[in-house]
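1. requesting a structural model of the entry that follows:
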Amino acid sequence: MKGIILAGGEGSRLYPTSIIYSKQLTMIYDKPMIYYPLSVLMLVGIRDILIISNDETILFYEKLFKDGSQFGLSFSYSIQDKPRGLADAFLIGEKFISDDSVTMILGDNIFYGKLDFIRNAVKLNKGATVFGYYVKDPQRYGVIEFDENGKVISIEEKPKKPKSNFAIVGLYIYNNDVIEIAKKLKPSTRGELEITDINKEYLKLNKLKVELFGRGIAWLDTGTPQSLLEASTFIGAVEHRQDLKIACIEEVAYMMDFISRKELKELINKMPNCSYKSYLIKIFSNTHMHNRYQK
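-> Predicted structure coming up:
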């Protein structure tokens with residue numbers, strides 16, 4: 001299974017900040033936003049990851065992550081020269097995906113909670129798996145309609161009159177068929193290749209599975225200044241209460257056995273003195289915490 005983080009888009013709702021850098025590099029409490037979706041891919045066991053962004057921002061991601069080997073990962077980078085829709089990621093990433101399956105996560109989506117069900121969905125996926133989350137404003141998202149037996153019967157992009165309150169979150173699991181499906185898509189009225197059209201095709205083929213998030217899972221969409229503030233406040237409150245960090249990728253790499261204890265120490269030694277380093281020193285010292293992410 002390959003992983004893609006789509007970190008493009010103009011971020012127009014965050015103007016004027018979006019003039020100078022990508023939304024996905026914005027700080028969410030104590031770390032860049034992109035750490036959060038990256039940690040989700042890591043937690044489900046994906047280590048071969050493609051980051052897609054524009055030509056100006058991709059340099060910052062390369063500086064931030066390099067080739068990924070220090071985290072036990074392998075990073076690739078590709079450019080999306082202008083926003084052409086989420087489904088465009090599978091055309092850009094065709095060579096990267098090769099003959100494998102792929103999980104794509106949007107670079108501005110944050111998930112918090114016990115994510116074992118996502119790991120299981122990755123393992124069990126046969127066609128496509130998407131995730132539904134109950135929201136109060138479904139008209140902002142792709143919306144899932146169910147019949148009386150709970151079977152998915154339609155998906156509609158940003159409907160004026162939503163047929164349910166379940167929105168599709170920015171996390172998608174597909175088999176290799178997604179590449180050919182994406183190639184056959186026609187741009188929508190917005191001039192973009194819509195991810196909803198891919199999901200509709202899998203639904204037509206009876207190969208779409210929808211997993212619903214339970215109440216114990218938080219999904220934070222960070223597209224506006226208000227939602228950025230809310231996300232930072234939420235992450236800060238949880239980290240302060242537990243004295244454990246969310247989406248500390250060095251910690252995740254160590255706990256998932258992507259890197260050794262020696263390699264973690266080398267990463268720590270290269271860091272300047274800061275609270276992030278102090279936290280990792282604590283993790284390094286508490287050897288009994290190792291493998292707490294594993295089943």
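2. shaky segments in the chain?
-> By pLDDT under 70, the weakly predicted segments of the chain are 9-20, 287-295.
3. what ranges do the helices span in it?
-> 35-43, 58-65, 88-92, 94-97, 116-124, 178-183, 195-204, 225-242, 249-255, 261-269, 275-285 (DSSP state H).
4. which of the ones you listed sits closest to Lys161?
-> Proximity to Lys161 (Cβ to Cβ) singles out helix 195-204 among the helices of the chain, at 16.2 Å. C-betas here are computed from N, CA, C, even on glycine.
5. circling back: with mean neighbour count added, can I get the helices of the chain in CSV?
-> Shown next, in CSV, are the helices of the chain (neighbours: other Cβ atoms under 10 Å):
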stretch, mean neighbour count
helix 35-43, 24
helix 58-65, 16
helix 88-92, 22
helix 94-97, 17
helix 116-124, 16
helix 178-183, 18
helix 195-204, 21
helix 225-242, 14
helix 249-255, 23
helix 261-269, 14
helix 275-285, 15
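6. among those helices, which comes closest to Phe71?
-> Here helix 249-255 is closest among these (Cβ to Cβ), at 4.3 Å.
7. quick one: closest of the helices of the chain to Phe131.
-> helix 116-124 (7.5 Å).
8. so which of the helices of the chain gets nearest Met27?
-> helix 225-242 (7.4 Å).
9. about what we covered before: for the helices of the chain, give me a markdown table that also has distance to Ala167.
-> As requested, the helices of the chain are exported to a markdown table (distance: least, Cβ to Cβ, whole Å):
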| stretch | distance to Ala167 |
| --- | --- |
| helix 35-43 | 17 |
| helix 58-65 | 27 |
| helix 88-92 | 19 |
| helix 94-97 | 26 |
| helix 116-124 | 16 |
| helix 178-183 | 21 |
| helix 195-204 | 11 |
| helix 225-242 | 14 |
| helix 249-255 | 26 |
| helix 261-269 | 37 |
| helix 275-285 | 33 |
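10. isn't Tyr202 right up against Asn125?
-> No. Applying Cβ atoms under 8 Å, one finds Tyr202 not in contact with Asn125, separated by 10.7 Å.
11. where along the stretch 1-150 of the chain do the strands fall?
-> Secondary structure of the stretch 1-150 of the chain (DSSP state E, counting those that start in this stretch): strands at 2-6, 27-28, 31-32, 48-53, 74-79, 102-106, 109-112, 128-134, 142-146.
12. please spell out which residues along the last one are buried.
-> Using 16 or more other Cβ atoms under 10 Å as the test for burial, strand 142-146 gives 142-144, 146.
13. what's the closest of the residues you listed to Asp116?
-> Closest to Asp116, out of all of the buried residues of strand 142-146 and judged by Cβ to Cβ, is Ile144, at 22.0 Å.
14. need the longest strand for the chain.
-> If you go by DSSP state E, the chain has its longest strand at strand 166-174.
15. please enumerate the shared neighbours of Tyr202 and Asn125.
-> Tyr174 (Cβ atoms under 8 Å, 6 or more residues apart in numbering).
16. quick revisit: how about CSV for the buried residues of strand 142-146, with distance to Leu41 added?
-> Formatted as CSV, the buried residues of strand 142-146 follow (distance: Cβ to Cβ, whole Å):
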residue, distance to Leu41
Gly142, 21
Val143, 25
Ile144, 23
Phe146, 28
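17. between those residues, which is nearest Tyr29?
-> Gly142 (27.8 Å).
18. who does that closest one bridge with?
-> Taking DSSP bridges as the rule, Gly142 bridges to Glu157.
19. same thing with the one 4 residues further on?
-> Judged by DSSP bridges, the bridge partners of Phe146 are Val152.
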